[in-house]
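**Student:** Predicted coordinates and the sequence they were generated for:
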Amino acid sequence: MAENRDIKYINKDFSELRQALINFTKTYFPTTYTDFSPASPGMAFMEMAAYVGDILSFYQDNQIQETFLQFARQTNNLYELAYMFGYKPNVTGVATADIDVYQQVPSVTSGSVQVPDFSYALYFAPNTSVRTTTVNPVNFLIQDSIDFSVSSSTDPTEVTVYSVSGNQPNRFLLKKTRKAISATINTTTFTFGDPTPFATVNINADNIVGILDIVDSDGNIWYEVDYLAQETVYQPIKNTNTNDPNSYVNNGDAPYILKLEKIQRRFATRFINSGSLQIQFGSGIAYDNDEEITPNPFNVGIGLPSEQSKLTTAYSPSNFIFTKTYGIAPSSTTLTVRYLTGGGVESNVPANTINGIVNQPVFLTPNLNTTTANSIIGSIAVNNAAAADGGQDGDSIEEIRQNAIGNFGSQLRNVTQDDYLVRALSLPSQYGVIAKAYIEPVKAQNVLSGEIPSTLDLYILSYDANNNLRTCSNTLKQNLSTYLSQYRVIGDSVRIKDGFIINIGVNFEIVVLPDYNNNDVLLNCINTLKEYFAINKWSINQPIILRDLYVLLDQIDGVQTVKNISIVNKVGTNIGYSQYAYDIEGATQNNVIYPSLDPSIFEVKYPNTDIQGKVVSL
């Protein structure tokens with residue numbers, strides 16, 4: 001029977017393992033081996049065993065360390081761990097710039113007035129490329145289309161006179177502004193034969209921004225999703241009377257209708273490292289019934305392997321039938337993949353350097369005068385009035401670590417009131433612009449008898465073409481509701497309502513110092529108040545602090561003292577104001593004018609006439 005040996009398991013490095021082997025030999029083989037000199041054959045074998053043990057211990061410690069996000073150091077492992085936490089690392093940071101796009105149009109007579117001839121308005125397709133005219137050009141991409149014939153509150157067309165003939169304008173200059181990112185479109189293709197479950201392909205390039213689109217050889221569009229179990233994507237539909245007569249409102253506050261569509265052709269992407277992007281597809285085929293199941297009590301959860309009881313099963317709303325396909329796999333087709341590269345610190349270019357156009361626009365009106373049309377094409381110009389910024393290198397190791405931990409905590413869900421507020425304001429502009437938003441728990445007095453109370457009331461307002469506040473259309477509200485539904489916690493209920501607009505005017509009296517021009521000082525005061533009451537600086541339920549107005553006017557050069565400032569209510573839809581009257585005097589306490597209990601916002605709608613002042617004597 002073998003003798004029990006006292007073996008130590010806590011030794012990990014070379015010296016400790018070597019000494020443990022020597023002690024073990026001396027203890028259990030005291031007469032068998034006694035030569036422990038450095039040059040002896042026995043010591044050679046013991047040191048080799050200690051060396052192997054040291055190496056194995058090192059790799060074991062290293063592998064354990066690399067399994068924890070907080071301690072991992074290898075980039076590939078950090079990428080994998082980040083995806084486990086739901087965070088997609090950035091391998092590059094793109095610069096953004098506001099691009100002013102110009103074109104000329106001839107004039108045409110309308111009545112007795114010369115107006116722009118918008119039949120010569122140009123159309124720039126989505127993903128138009130512009131670039132710097134420097135020695136090493138940097139490419140920028142204007143992702144939104146540009147239609148000079150359309151002007152709205154969300155997409156205004158600025159019109160100025162470019163040239164005159166006699167005393168009448170003969171050419172007008174049109175201007176639109178678009179956001180552009182520092183990116184270049186690249187194209188590659190992948191050919192597929194028989195369907196392969198969860199097929200993957202890799203794109204290897206530097207500074208990959210992401211996938212622009214994927215189209216197969218039959219013209220089918222493949223959609224990118226965060227994970228293959230996600231079956232629905234956002235789809236924009238042009239807000240026209242033909243597309244949706246019930247939602248169409250011709251006020252321009254929601255150019256597109258936001259719809260959710262269930263799709264089979266989908267893919268997910270993940271960065272393997274900073275220079276390789278992997279694209280993964282599903283495992284089904286186009287005629288696979290698993291993709292067309294209508295959920296009912298008899299088939300929900302049918303794909304669960306070895307599941308005996310559904311009482312404790314966790315169901316996902318994005319894949320609650322537990323389909324095994326996760327989308328269809330491409331087969332017998334060629335996929336054309338367009339992806340974006342760019343960014344980096346070198347994309348932060350100075351102002352007035354983005355002046356080149358790569359893609360030429362088109363006319364939407366047929367049969368135009370060829371000579372005039374060619375002249376209009378030659379008049380196109382682009383420029384960035386401000387420097388492009390935001391370009392940076394990809395996430396560092398520590399940034400990946402911290403961003404992944406932070407992303408896991410938020411999971412893109414709306415939990416607090418501020419989450420809903422920020423998410424509402426981040427609605428993409430093509431679905432409508434939320435100018436002002438305010439959210440609060442539902443008031444008990446607002447709940448009707450027999451009504452189930454909503455958790456939160458979200459009050460919103462939008463802009464009209466003149467940048468004045470107005471109530472939102474039903475289309476915009478529906479778009480916002482659809483958008484929030486993807487981030488809403490299941491127990492939350494959000495009711496979207498109109499905020500209240502209180503139009504006001506400002507009257508003031510000042511005393512001007514001697515040797516100052518009364519008109520100049522008065523004009524400076526009016527301009528200062530215009531800036532103070534600019535609607536982009538005001539939010540719903542923000543009070544007016546009269547003391548701040550006194551201090552503001554007192555600081556203007558030439559003002560000796562401010563004798564009086566009064567706020568008056570402007571009301572009446574027949575004269576262009578809000579329908580809501582407000583008791584300014586009753587709402588004033590301690591020189592603070594408070595808004596109403598119902599969420600409302602103060603607005604100086606016509607600052608040129610609603611802000612009036614006069615110079616008085618002491």
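**Tutor:** Happy to help now that I have it.

**Student:** give me phi/psi at the nearest residue to residue 380 once chain neighbours are set aside?
**Tutor:** In space, and not counting its chain neighbours, residue 380 is closest to residue 103: 5.3 Å by CB to CB, 6 or more residues apart in numbering. For the C-beta atoms, the positions are set from N, CA and C on the backbone; glycine is no exception. For residue 103, the backbone dihedrals (degrees, to the nearest 10) come out as phi -150, psi 150.

**Student:** Let me know the pLDDT of residue 103.
**Tutor:** The model reports residue 103 with a pLDDT of 95.

**Student:** quick one, phi psi at the residue nearest in space to the middle of the chain?
**Tutor:** For the chain, residue 426 is the residue whose C-alpha lies nearest the centre (CA atoms, centre = their mean; 6.5 Å). Dihedral pair for residue 426: phi -90, psi 10, per degrees, to the nearest 10.

**Student:** give me every residue that touches the residue nearest to residue 380.
**Tutor:** By CB atoms under 8 Å, 6 or more residues apart in numbering, residue 103 lies in contact with 121-122, 148, 173-174, 361, 376, 379-381.

**Student:** measure it to residue 127 for me?
**Tutor:** Residue 103 sits 19 Å away from residue 127, taking CB to CB, to the nearest Å as the criterion.

**Student:** Show me which residues of stretch 531-540 are buried.
**Tutor:** Under the neighbour-count criterion of 16 or more other CB atoms under 10 Å, stretch 531-540 has 532-533, 535, 538, 540 buried.

**Student:** Run through who's touching it.
**Tutor:** Residues outside stretch 531-540 that contact it (CB under 8 Å, 6+ apart): 435-438, 459, 461, 467-469, 499, 506, 549, 552, 595, 599-604, 607, 611.

**Student:** got the contact list for the residue nearest to the centre of the chain?
**Tutor:** Counting by CB under 8 Å, 6+ apart, there are no residues that residue 426 touches.

**Student:** returning to what we had before: now the contacts of residue 103: which count as buried?
**Tutor:** The neighbour count (16+ other CB under 10 Å) marks 121-122, 148, 173-174, 361, 376, 379 as buried among those.

**Student:** these two touch, right, residue 388 and residue 134?
**Tutor:** No: Residue 388 is not in contact with residue 134 according to CB atoms under 8 Å; the separation is 12.0 Å.

**Student:** The strand or helix carrying residue 335 packs against which elements?
**Tutor:** Under the criterion of DSSP states H and E, residue 335 resides in strand 333-341. Helices and strands touching strand 333-341, by 3 or more CB pairs under 8 Å, 6 or more residues apart in numbering; DSSP states H and E, are strand 184-192, strand 208-216.

**Student:** Give the buried residues for that strand.
**Tutor:** By 16+ other CB under 10 Å, the buried positions in strand 333-341 come out as 335, 337, 339-341.

**Student:** Can you show me the helices along the stretch 451-600 of the chain?
**Tutor:** Taking DSSP state H, counting those that start in this stretch, the helices of the stretch 451-600 of the chain run over residues 474-485, 518-532, 546-554.

**Student:** how about a markdown table for the ones you listed, with mean pLDDT and distance to residue 408 added?
**Tutor:** Listed next are those as a markdown table, based on pLDDT from 0 to 100; distance: least, CB to CB, whole Å:
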| stretch | mean pLDDT | distance to residue 408 |
| --- | --- | --- |
| helix 474-485 | 85 | 22 |
| helix 518-532 | 94 | 43 |
| helix 546-554 | 94 | 43 |
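
**Student:** can you pull the buried residues of stretch 93-107?
**Tutor:** Neighbour counts over stretch 93-107 (16+ other CB under 10 Å) mark 93-97, 99-107 as buried.

**Student:** ok, the residues you listed vs residue 370, which is closest?
**Tutor:** Closest approach to residue 370 among the buried residues of stretch 93-107 (CB to CB): residue 106, at 13.4 Å.

**Student:** That closest one contacts residue 171, correct?
**Tutor:** Yes: if you go by CB under 8 Å, residue 106 and residue 171 touch, sitting 6.1 Å apart.

**Student:** got the contacts of residue 103 as a markdown table, with distance to residue 516 columns?
**Tutor:** Formatted as a markdown table, the contacts of residue 103 follow (distance: CB to CB, whole Å):
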| residue | distance to residue 516 |
| --- | --- |
| 121 | 49 |
| 122 | 50 |
| 148 | 46 |
| 173 | 39 |
| 174 | 42 |
| 361 | 52 |
| 376 | 50 |
| 379 | 47 |
| 380 | 48 |
| 381 | 44 |
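
**Student:** which residues of the stretch 101-250 of the chain score low on pLDDT?
**Tutor:** Where the stretch 101-250 of the chain drops to pLDDT under 70, the residues are 154, 239-250.

**Student:** which stretches of it form strands?
**Tutor:** Ranges of strands within the stretch 101-250 of the chain are 113-116, 122-124, 128-132, 139-142, 146-147, 158-165, 168-181, 184-192, 200-204, 208-216, 221-224, 232-238, based on DSSP state E, counting those that start in this stretch.

**Student:** Nearest to residue 64, out of these?
**Tutor:** Residue 64 lies closest, by CB to CB, to one member of those: strand 200-204, at 28.3 Å.

**Student:** Can you give me the buried ones in the closest one?
**Tutor:** Across strand 200-204, burial judged by 16+ other CB under 10 Å covers 201, 203.

**Student:** Which strands border it, and is each parallel or antiparallel?
**Tutor:** strand 276-281 (antiparallel) (DSSP bridges).

**Student:** buried ones in the partner strand?
**Tutor:** In strand 276-281, counting by 16+ other CB under 10 Å, buried: 276-277, 279-281.

**Student:** rounded to a whole number, what's the mean pLDDT of the longest helix anywhere in the chain?
**Tutor:** If you go by DSSP state H, the chain has its longest helix at helix 41-66. For helix 41-66, mean pLDDT is 89.

**Student:** Pull out the buried positions in the next helix or strand after that helix.
**Tutor:** Next along the chain after helix 41-66, taking DSSP H and E as the criterion, comes helix 75-84. Residues of helix 75-84 classed as buried: 77-83 (neighbour count, 16+ other CB under 10 Å).

**Student:** Alright, calling it a day.
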